[in-house]
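# What shape does this take:
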Amino acid sequence: MGGERGKAFYFLAFFFALYVLFLYGPMIAIFVLSFQGPEGGLTFPMNGFSFYWFGKLYEGNGIIKIGASFLRSFKLGLVVMLLTVAISVAAGLAFRKKFRGSAALFYIAIASLIVPSIITSLGIALEFRIMDDVVRHYGPSWLADTHTTFMGLFTSGLGAHLTWTLPFGLLIMFAIFNRFNPAYEEAARDLGATPWQTFRHVVLPIILPSVVGIGLFGFTLSWDEIARSSQVIGEVNTLPLDLQGLTTTVTKPDIYALGTVTSAVSFVVIFAALFAIRALQNRQAKQGSDAGSGMV
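Down below sits the predicted model:
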């Protein structure tokens, strides 16, 4: 008991330390450098400590409107989150029953995970350009004369982000329903509950912590998506695309301030979701289960 550790332990510990360094080191460096003084640059050592670059970020850097792109990404993330939750839960319920072609449909749904993101983005952009050409050449004159493009933030951009978030949501729902005890539903039906009442008062309270997790995946994956957005987003950019553009045109610490702000938003969403999941789990542990509540 408590003998000396072997060489393998120290090797794996060193490997894990490198992993943590590469994972969090860049983020911590950007966070620290975003508090440079007015004369500070993009490298260490720091030249003072201030919130100067956050103020410059708020004022705008004269090249892009950070606030507008921030709001666009936030709104798109919320829509992606809501659709990912709704479609994933519905698909998870549908796949609980066997139907012809279910296996093929499942593999088609998750194939997006193995297709390179840039290929998906180019394909969606091509589809929308074809639709634009069809409308211009064969559409009614009242539409063809004024039509510019169907491509936009909440059309092609939304579709591209859903190809990334829905497979994750579907896989989570599969994992949940594979260990779901159908006896709760059978008991509800024996007591006269309708299918909707069974879902609303029995199934949903049990799976709700996982549904919150799907929402978290949906928002965070959309929030920092670049590759799938690059070809399909239309006339206006999302925040990650604007941030990528700034790294090639501007070399000031306001880029790091922007990175700190976007990371802070991600952490706020993550901790809010974890808090909600924990609260729901505590509620279930305290009350045993919500299954059957509200049925009277």
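
# elements contacting the worst-scoring helix or strand of the chain on mean pLDDT?
For the chain, using mean pLDDT, DSSP states H and E, the weakest element among its helices and strands is helix 239-249, scoring a mean of 75. Secondary-structure packing of helix 239-249 (3 or more Cβ pairs under 8 Å, 6 or more residues apart in numbering; DSSP states H and E): helix 66-94, helix 254-287. All C-beta atoms are positioned from the backbone trio N, CA, C, and that covers glycine.

# right, so these: which one is the most enclosed?
With neighbours taken as mean count of other Cβ atoms under 10 Å, these reach their highest mean count in helix 66-94, at a mean of 19.

# Run the angle between that helix and helix 254-287 for me.
An angle of 30 degrees separates the directions of helix 66-94 and helix 254-287 when computed by axes from the mean of the first three to the mean of the last three Cα atoms, to 10 degrees.

# Low-confidence ranges, the chain, go.
Where the chain drops to pLDDT under 70, the residues are 1-3, 60-64, 247-251, 287-296.

# picking up where we left off before, what comes into contact with the least confident helix or strand of the chain?
Contacts to helix 239-249, defined as Cβ atoms under 8 Å, 6 or more residues apart in numbering, come from residues 61, 63-64, 66, 69-70, 72-73, 223-226, 229-230, 233, 237, 255, 258-259, 262.

# redo that, cut-off 7 Å
Applying Cβ atoms under 7 Å, 6 or more residues apart in numbering, the set of residues contacting helix 239-249 from outside is 63-64, 66, 69-70, 73, 224-226, 229-230, 233, 255, 258, 262.

# Could you do stretch 269-288 as well?
Counting by Cβ under 7 Å, 6+ apart, the neighbours of stretch 269-288 from elsewhere in the structure are L208, P209, V212, G213, G215, L216, F219, T220, D290.

# Next up, phi/psi of the fifth one, please.
Meaning G215. Dihedral angles phi and psi of G215 (degrees, to the nearest 10) take the values phi -60, psi -40.

# That one is in contact with M81, isn't it?
Yes. The pair formed by G215 and M81 meets the contact definition of Cβ atoms under 7 Å, at 4.9 Å.

# does I119 count as helix, strand or coil?
Taken by DSSP: H, G, I helix; E, B strand; the rest coil, the conformation at I119 corresponds to helix.

# list the contacts for it?
By Cβ under 7 Å, 6+ apart, the contact list for I119 is empty.

# From here on, call the first residue 56.
Shifting the count to begin at 56 puts that one at I174.

# Compute the distance between it and T210, please.
From I174 across to T210, the span is 19 Å (Cβ to Cβ, to the nearest Å).

# of the helices and strands packed on helix 294-304, which approaches L97 most closely?
Ranking the helices and strands packed on helix 294-304 by distance to L97, with Cβ to Cβ as the measure, places helix 309-342 first at 7.2 Å.

# how far does that closest one sit from the chain's center?
In this view, helix 309-342 has its centroid 13 Å away from the chain centroid, taken as Cα atoms, centre = their mean, to the nearest Å.

# again, but for stretch 211-226
In terms of Cα atoms, centre = their mean, the centre of stretch 211-226 is found 9 Å from the chain centre.

# What is the burial count for N102?
The number of residues packed near N102 is 13, by other Cβ atoms under 10 Å.

# How about it, nearest residue that isn't a chain neighbour?
Spatial nearest neighbour of N102, chain neighbours left out: G95 (4.0 Å); criterion: Cβ to Cβ, 6 or more residues apart in numbering.

# I'd assumed F104 was in contact with the one you found.
No. Between G95 and F104 there is no contact under Cβ under 7 Å: 8.9 Å.

# The two: who's more crowded?
More neighbours sit around G95 than around the other of G95 and F104, counting by other Cβ under 10 Å; the figures are 22 against 11.

# Please, where are all the helices along the stretch 106-255 of the chain?
Applying DSSP state H, counting those that start in this stretch to the stretch 106-255 of the chain gives helices spanning 107-114, 121-149, 157-165, 172-193, 196-199, 211-233, 238-245, 250-253.

# most tightly surrounded among the ones you listed?
Stretch with highest mean neighbour count among the helices of the stretch 106-255 of the chain: helix 211-233 (a mean of 20; mean count of other Cβ under 10 Å).

# got the end-to-end distance for stretch 237-254?
This stretch, stretch 237-254, spans 12 Å end to end (Cα to Cα, to the nearest Å).
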